[in-house]
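A.B. asks: Any chance you can model this:
(2 chains)
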Amino acid sequence: MTPLLTLEYFFIGCGGVLAIVAAQIAGDATHPKRRGSALFWLLLAVAVGGGSWLPHAAVGYVVVGLTVRTAMKQVGVPRFAASDAGQLEARARRLGNRVLWPVLVVPAVAVVGGLVLDRVSGAGFVLASTRQAPQIALGLGCAVALVLALRVTGERPLTAVREGGRLLQLLGWALLLPQMLAALGGIMAKAGVGDAIAQVVATVLPVDLPGVAVLAYCGGMALFTILLGNAFAAFPVMTLGVGLPFIVEAHGGDPAVMGVLGMLSGYCGTLVTPMAANFNLVPVKLLELRDDYAVIKAQVPYAAAIWVFNAALMYFCVYST
Amino acid sequence: MIKLLGLLVVGLGFAFRVNPLLVVVAAGFTTGLTAGFSPHEVVTMFGRFFVENRGLTLPVILMVPVVGLLERHGLQERVATLIRRAATATAGRVLWTYQIVRGVTSMLGLGIGNHASMVRPILVPMAEGAAQGRHAKLDERGRADIRAHAAASENVGNFFSDDIIVAIGALLLVKAFFDNAGVEVALGDLKFWSVPTAVWVIAVGWWRSRRLDRRLQRGAREQGGPAP
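C.D. replies: Numbers count the residues shown, from 1 in each chain, chains lettered A, B, ... in the order given. The predicted structure follows:
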C-alpha cells in the first residue's frame, strides 16, 4: 500500500522556511555577517529540502562546507531589538487565552494523528506508514497550529517566518548537529569501532565474575552511549561483545532482564553527553542559556541515580529468574 | 585499536570546547580514513546519513514560526499569568508534573511535545511564573536553573518509560536484536522489566524538583526576602 502522506512534504516545507530565512537575511543591511549567514541558510535549505533528489556526495560536500564556514565564524546572529513591553502587553490583552490555542493544538493533533494515521486506508493506499506516522502527525500538528496562529493573531505568513527566523538564527549550527552526529555514528559502525571497544572491555576487566560482568555491561552501555550519543548504537555492540557471552552464556543470566536494563543504562549516558545534541545542546540554544553544558549539568544527578538503580536491579534479578 | 582514534578526537574536542560541529566532522574523517575509506567516501557517507536523519530537526524547524509569532503576542506572559493564579504551584512541582505526564503519554507510544513545541512556549513560562508568584524576585541564575531543569524533565520524561504499554521504539529494537542473535525473549517480559525503572525515575524527579525549589527559595532570600 502506498502512503499518501510522507515526510518528504515536510522536508520540502522545512527547506522553504529555511530559504525564506536566507532571503530575509540577504535583505537585511544591518546584519553583521550578511553574506556568510545568507549563504549558510540557503545551502541548509537546499540540503534539507532537496536531499532526496541530490546525490549523497553533493549533500556531503554541502554539509562539510557548512561546518567549515561555521568554524571560520562566517555565520553570525544579528542583535535583535527587544520587543516593546507596552506594545506586547496591549497585544496580549487583546488576545487573552486565545494565544494558547495554537500551541495546545500541536499535542492534540500529534496524539490523535499518531493513533489513526496508519489505520486510515482505502483502495491500495494508506494515509501514512506506521513507521512515519508519529513524525507526520507531529508535522501536521505544527501545520495546523501555524494556520490557527495566523488566524488568531491576524498576522501575515511572512511575519511568522521572520519571527521563526529569529529563533532559528539563535539555534544556528546546532540545527545541523543532530544529523551530523547520526552520520558520525554511522561511519563508526561501518568502521567497526564498536567491536574494538567490546574487545577492550572484555580483555581489561575480569568479566568472568557475575557482578563484574553486570558492571562492565551497564557501565559499557553508558560509556559507549556517551561517546556515540546514541544508546541504540551502543546496544548491539555491548550486548554482542559483553552481555551475551558473559552474562547470558557464562552465568545463565536472563536475556530479557539484561536487555531492558542495559538499554536503560545506555539512556543514562544519553543524559550526560554533548553528543546527544538534539536532547542536550539544541535546548540550550532554544532556551537562550549561556552555559552550553547547562542542561547536561542539570541531568547529571538524574543519570547517576538512575544508573545505580539499573545496575543494582540487574545484579539482583538477572541471575535469579 | 587505531579505529578508536576518532573517539579520542571526540573526547579532546569536547574537553577543549571546540565547536561541536567541527569536532564531529573531524572525528568522522579520522574514523573513516583510519578504517581505509577515501576522503570522498567519507563525505558521501556524511551526505547519506544527513539525508536519512533529516527527521531529527524537522519538528524544531516547523514549530519555531508558530512559537515566534505567538511570543510576539505575549504567549509567555499569558502562561505565566495563568500559573501565578494557582497558589500551590512551585517551579519544581510544575516540572515534576510535566515529567510524569510526559512519561505516561510516552508509555502509550505517544509524543505530546518536545523542546520547541512544549518546553519553550509552555513549560518554561509556567515554571518561571510559578517561581515568581512564590518568591517575587527571580534572578538570572534562578532563571537559568529553571530552564535547564525544564529541558531535563522533558528528556527524562521522554526516555525512561517508552513503550511499556505500546511498544514502538527501544523494546522492538531489543527484541529484533535478540531474534537475530537466536536468543528467545518475550516482548511481555521486556515490557515488565521496564516498569521498575520508570517508577524509580518519578521518585528521582521528585527529589530533583524539591532541590530546585529549595535553591530558588535560598536565592530569593539572599536577594532580600520573599514576596510581601
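
A.B. asks: switch to C-alpha atoms for all contacts and neighbour counts from now on
C.D. replies: OK.

A.B. asks: Break chain B into its domains for me.
C.D. replies: Chain B breaks down into these structural domains: B:2-52, B:59-222 (assignment by automatic domain parsing).

A.B. asks: Not counting its neighbours along the chain, what's nearest residue 13?
C.D. replies: No chain was given, so I picked chain A. Leaving aside its sequence neighbours, A:Gly13 sits nearest to A:Gly49 (Cα to Cα, 6 or more residues apart in numbering or on different chains; 7.2 Å).

A.B. asks: Please refer instead to chain B.
C.D. replies: B:Gly13 sits nearest to B:Val23 (Cα to Cα, 6+ apart), 5.5 Å away.

A.B. asks: The domains of chain B: lowest mean pLDDT?
C.D. replies: When the domains of chain B are compared on mean pLDDT, domain B:59-222 scores lowest, with a mean of 85.

A.B. asks: Now do the end-to-end distance for that one.
C.D. replies: 40 Å (Cα to Cα, to the nearest Å).

A.B. asks: Which of the helices or strands spans the residue nearest in space to the middle of chain B?
C.D. replies: Centroid check for chain B by Cα atoms, centre = their mean gives B:Asn155 as the closest residue, at 2.8 Å. In the assignment (DSSP states H and E), B:Asn155 maps to helix B:140-159.

A.B. asks: and that helix, what other elements does it pack with?
C.D. replies: helix A:255-271, helix A:294-317, helix B:91-107, helix B:124-135, helix B:187-222 (3 or more Cα pairs under 8 Å, 6 or more residues apart in numbering or on different chains; DSSP states H and E).

A.B. asks: how about the ones you listed, which one is nearest B:Ile61?
C.D. replies: helix B:124-135 (19.3 Å; Cα to Cα).

A.B. asks: For the closest one, list every residue counted as buried.
C.D. replies: B:124-135 (16 or more other Cα atoms under 10 Å in any protein chain shown).

A.B. asks: Including distance to chain A, could those residues go into TSV?
C.D. replies: Putting those into TSV (distance: Cα to the nearest Cα, whole Å) gives the following:
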residue	distance to chain A
B:Val124	8
B:Pro125	11
B:Met126	12
B:Ala127	13
B:Glu128	12
B:Gly129	15
B:Ala130	17
B:Ala131	17
B:Gln132	18
B:Gly133	19
B:Arg134	22
B:His135	21
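
A.B. asks: In JSON lines: those, plus distance to B:Val9.
C.D. replies: Below are these laid out as JSON lines (distance: Cα to Cα, whole Å):
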{"residue": "B:Val124", "distance to B:Val9": "35"}
{"residue": "B:Pro125", "distance to B:Val9": "39"}
{"residue": "B:Met126", "distance to B:Val9": "40"}
{"residue": "B:Ala127", "distance to B:Val9": "38"}
{"residue": "B:Glu128", "distance to B:Val9": "39"}
{"residue": "B:Gly129", "distance to B:Val9": "42"}
{"residue": "B:Ala130", "distance to B:Val9": "43"}
{"residue": "B:Ala131", "distance to B:Val9": "42"}
{"residue": "B:Gln132", "distance to B:Val9": "44"}
{"residue": "B:Gly133", "distance to B:Val9": "47"}
{"residue": "B:Arg134", "distance to B:Val9": "46"}
{"residue": "B:His135", "distance to B:Val9": "45"}
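
A.B. asks: Downstream of whichever helix or strand A:Leu95 is part of, the next helix or strand is which one?
C.D. replies: Here A:Leu95, judged by DSSP H and E, is contained in helix A:85-95. Stepping forward along the backbone from helix A:85-95, the first helix or strand reached (DSSP H and E) is helix A:101-116.
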